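Participant: Any chance you can model this:
(4 chains)
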Number of protein chains: 2
Amino acid sequence: MDKKEEILNAALKLFVEFGFHATPTSKIAKEAGVANGTLFHYYKTKDELILALYADTKKRLTEYMYSNTSKADSLELVFKSIYTNTIEWAQENKEEFYFIQQFSTSPFYSLISPEEIRKQAEPHLDFLQEGIKAAVLKPLPVDLLYTLINSHIAGINQYLSNGEFSTSKQKQIINESFQLLWDMIT
Amino acid sequence: MDKKEEILNAALKLFVEFGFHATPTSKIAKEAGVANGTLFHYYKTKDELILALYADTKKRLTEYMYSNTSKADSLELVFKSIYTNTIEWAQENKEEFYFIQQFSTSPFYSLISPEEIRKQAEPHLDFLQEGIKAAVLKPLPVDLLYTLINSHIAGINQYLSNGEFSTSKQKQIINESFQLLWDMIT
DNA sequence: ATATTTGTAGACTGATTAGTCAATCATTGT
DNA sequence: ACAATGATTGACTAATCAGTCTACAAATAT
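Facilitator: Numbers count the residues shown, from 1 in each chain, chains lettered A, B, ... in the order given. Model (predicted):
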């Protein structure tokens, strides 16, 4: 019933299928079941809609990443939870995850200010810094560590998406690939 | 002088800056210094131009990847050469590498047939299979290995592109990151 | 009750776009 | 010399698109 949300849902679906510019706002409105003008009532421009969709999607991913993690757990356990959560979310929200990647390798990404990006990455970098300080993680530059982990996750996700795996097989792959990553960075 | 090539060059530059659909064919023609109709003389449709640009760029990357590798060398040495070559090419051809990534996470990617994709990956997969057979690489699924390596390279490249490193520092990072990857997969 | 704001609609517009077309120009083979 | 083929041009078109505008409905405030 929330039209603002319906518009985001419709936009996500269509952007993933056709791309940003090949998706007219008129089709987004139609898919969302609202009038053309309504879309522009909530989002002043198409760019604003795209940025809002990215912010919203990224936020949902980040929230899920840190779910079910307790500060009482060991660093490795927390790290593994975050790793597993992320891949789980990506598998259960394939369109959303694909959209984030699509957005990140598009000219729209440059519309986000560097501060915004740093702010987004900060908690993750802090967490990694902690791991280095505790001599659990290798003393590599945190940025490098962060990028390495991110691309590893992207890779595993791509592998899982391309093949057709049972849930248990999928879990096994996640566990084994975590071990590969963990051995690499500790 | 080769107009067909000029068109590809212009398209690459503009696609990277503005995206596929936000780049009108008229601007590509202008940038290439040819008339509107000339573009459509060489490429029947805009899609065909985009696909041709991807094929051409990918081909140039692949050629460079395997340059300066000798079959006489050890598997590790060949592997390291390919790794180093790829990152070097990506650093020296940032627009091209960015374009490949942009294309791969766009709806245009689905216009390429699965056979074409497999054919493209085959030599790399064969090479990895060899490594497994020789008990040098871990006996992981080759597809997984391939994806892992690719995303590792993409990550390192992103790290190098974001920071401002001297040539020697860059070489050091490439060497160290290779060691991380090599330890992970052997 | 009345006024004010907010939400919703959809026709409309000015600008832009991919692709066409008819007409030259250049090159090559005979 | 002379076809014939291919290259090149840029004006043109039919369609499409982002965003506007006016009107009205619903909700909220006074």
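Participant: C-alpha only now, for contacts and for neighbours.
Facilitator: Fine.
Participant: Tell me the residues of chain A that contact DNA strand C?
Facilitator: Contact residues (C-alpha under 7 Å from any atom of the strand) of chain A with DNA strand C: A:3-4, A:33-38, A:41.
Participant: Could you dump these into a markdown table with neighbour count and distance to A:Ala134 added?
Facilitator: As requested, the residues of chain A next to DNA strand C are exported to a markdown table (neighbours: other C-alpha atoms under 10 Å in any protein chain shown; distance: C-alpha to C-alpha, whole Å):
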| residue | neighbour count | distance to A:Ala134 |
| --- | --- | --- |
| A:Lys3 | 15 | 48 |
| A:Lys4 | 15 | 45 |
| A:Gly33 | 14 | 53 |
| A:Val34 | 16 | 53 |
| A:Ala35 | 15 | 56 |
| A:Asn36 | 14 | 55 |
| A:Gly37 | 12 | 55 |
| A:Thr38 | 14 | 53 |
| A:His41 | 11 | 51 |
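Participant: so which of those comes closest to DNA strand D?
Facilitator: Ranked by distance to DNA strand D (C-alpha to the nearest atom of the strand), the residues of chain A next to DNA strand C are led by A:Gly37 at 4.2 Å.
Participant: Regarding that closest one, which helix or strand does it belong to?
Facilitator: Using DSSP states H and E, A:Gly37 maps to helix A:36-42.
Participant: Let me see the mean pLDDT of that helix.
Facilitator: Helix A:36-42 comes out with an average pLDDT of 94.
Participant: okay, and for chain A, where does confidence drop off?
Facilitator: Scanning chain A for pLDDT under 70 picks out the ranges A:1.
Participant: now do 90
Facilitator: Counting by pLDDT under 90, the ranges of chain A that qualify are A:1-3, A:67-74.
Participant: Could I get the full set of strands for chain A?
Facilitator: For chain A, applying DSSP state E gives no strands.
Participant: Just want to check the distance between the residue in it positioned nearest to DNA strand C and A:Thr25.
Facilitator: Relative to DNA strand C, the nearest point of chain A is A:Gly37 (3.1 Å; C-alpha to the nearest atom of the strand). Separation of A:Gly37 from A:Thr25 (C-alpha to C-alpha, to the nearest Å): 10 Å.
Participant: Endpoints of stretch A:57-71, how far apart?
Facilitator: Start and end residues of stretch A:57-71 are separated by 25 Å (C-alpha to C-alpha).
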